[in-house]
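**Q** Fold the following and give me the result.
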Amino acid sequence: MSYLNELLEGVKVEWKPLGKALVRTKGTKITAGQMKELHKGDDAPLKIFAGGKTIAFVNFEDVPEKDINRETSIIVKSRGVIEFEYYDKPFSHKNEMWSYHSKNENIDIKFVYYFLKIHELYFQNIGSRMQMPQISTPVTDKFQIPIPPLKIQKEIVRILDTFTELTTELTTELTTELTTRKQQYTYYREQLLSFDENEVQHVAMGDESVGKFIRGKRFVKTDLLAEGVPTIHYGEMYTHYGTWADKTKSFVSKELVENKKLRLAKKGDVVIVAAGETIEDIGQGTAWLGDEGVAVHDACFYYKSTFNPKYVAYFTRTRQFHDQIKRHISSGKISAINAKGLGKAIIPIPSKAEQERIVAILDKFDTLTTSISEGLPKEIELRKKQYEYYREMLLTFPKN
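**A** Numbering: from 1, shown residues only. I've put the predicted structure just below:
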């Protein structure tokens, strides 16, 4: 930063309204339906922008020549999510949006883009005054931007481009690492929980000699409290719980448990989700290892068995288990399975010692994968904050 300070020392920074510093261009008259109809795939040469993430790739002849912009530009997304996008290939956009490009050889358009990005919240706050968040052209036209010497603009762009590239590279590496670990974990889980029929005994999970499924009882989200009797709502099985738990996110009152005669899973039971929006959602289990009983929602079962509870929970997350139960899942707006369907799944029964060995190995993989899963967003957020901090510093200029 001292290098830039040296460059700026004694230099007068001019400020101009955006509409006078750059050239504003209009879009093309097109509907979302037409965009969908015209879309040719990512290989088509012309990109059309609409609000949010909506885009279409079309051929040049699909849009009037006068509406095609071939200048490197800043696109103003003026409705819904108000933001700026930099684009350096031929494009067009819906006519409620507009864009800016530079005809001034002393203005680097990407420098202006970076400056506008740090002020997006300003424009979003203005837009939020409307029922549908939106801004008009005078709002951006009148916005003052700094114009330091071109040499300084280019140096700032170089630094921010490099930082962006490094941040993207790190994010990609971390995401790849997480994906690899998850694939390894899934592979070993499938391998460890697969046995030949003559190697160990295989039984139906619903066989009364080994276990039974008990459905929970109904309560609603408004019944959930911050303290009380531990409880697991079926929706939380998808968003909060993994292979095991000894504490709950939610609770219900003791009175509700008594009045509705809610059913409590005990330590060592496995809570299995039995309803969801897709077939793939159903059947995952969480071993309950808490000392207190846990109230279970009626879109779940809890499984009492002679097995190691974690062994069962890991098994319910295998392809082997899911392939068996999916034929018994009723599909509709909400897919569901009953105890009879779950009970038909055949589970291998190795010795207690072998179950414990398998659980110990999978626990290590689970811990590693969870650690990376939790660490990844934190690391990305840290890089993002560093980037935003330096961007703010680089793009702060005194007004003479």
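**Q** Tell me which stretches of the chain form helices.
**A** Taking DSSP state H as the criterion, the chain contains helices spanning 2-8, 18-21, 32-38, 109-117, 120-127, 137-141, 150-192, 236-239, 254-259, 309-315, 319-325, 339-343, 352-394.
**Q** Buried residues in the third one, which are they?
**A** Think helix 32-38. Buried residues in helix 32-38, counting neighbours by 16 or more other Cβ atoms under 10 Å, are found at Gln34, Met35, Leu38. In this view, the C-beta of every residue, glycine as well, is placed from N, C-alpha and C.
**Q** ok so, going back, what's the most buried one of the helices of the chain?
**A** helix 309-315 (a mean of 25; mean count of other Cβ atoms under 10 Å).
**Q** Residues touching that helix, excluding its own?
**A** By Cβ atoms under 8 Å, 6 or more residues apart in numbering, the surrounding residues in contact with helix 309-315 are 189, 193, 243-244, 268-270, 285-289, 303, 305, 321, 347, 355-356, 358-359, 362-363.
**Q** The spatially closest residue to Ile272 that is not a sequence neighbour: neighbour count?
**A** Sequence neighbours aside, Gly285 is the residue nearest to Ile272 in space, at 4.4 Å (criterion: Cβ to Cβ, 6 or more residues apart in numbering). Counted by other Cβ atoms under 10 Å, the residues lying close to Gly285 total 28.
**Q** wait, what's in contact with Gly285?
**A** Gly285 touches Thr243, Val270, Val271, Ile272, Val273, Tyr303, Val312, Ala313, Phe315, Thr316, Arg317, counting by Cβ under 8 Å, 6+ apart.
**Q** Can you spell out which residues form a bridge with the fifth one?
**A** Taking DSSP bridges, one obtains Cys300 as the residues bridged to Val273.
**Q** Tell me which residues touch Glu199, please.
**A** Under the criterion of Cβ under 8 Å, 6+ apart, the neighbours of Glu199 are Pro348.
**Q** Quick check: the gap between it and Ile349.
**A** If you measure Glu199 against Ile349 using Cβ to Cβ, to the nearest Å, the figure is 11 Å.
**Q** can you pull the pLDDT of Thr168?
**A** What the model reports for Thr168 is a pLDDT of 85.
**Q** and it, what is it in contact with?
**A** With contact taken as Cβ under 8 Å, 6+ apart, Thr168 is in contact with no other residue.
**Q** So the protein: which segments form each domain?
**A** Taking automatic domain parsing as the domain assignment, the record places the domains of the chain at 2-148, 149-194+353-400, 196-349.
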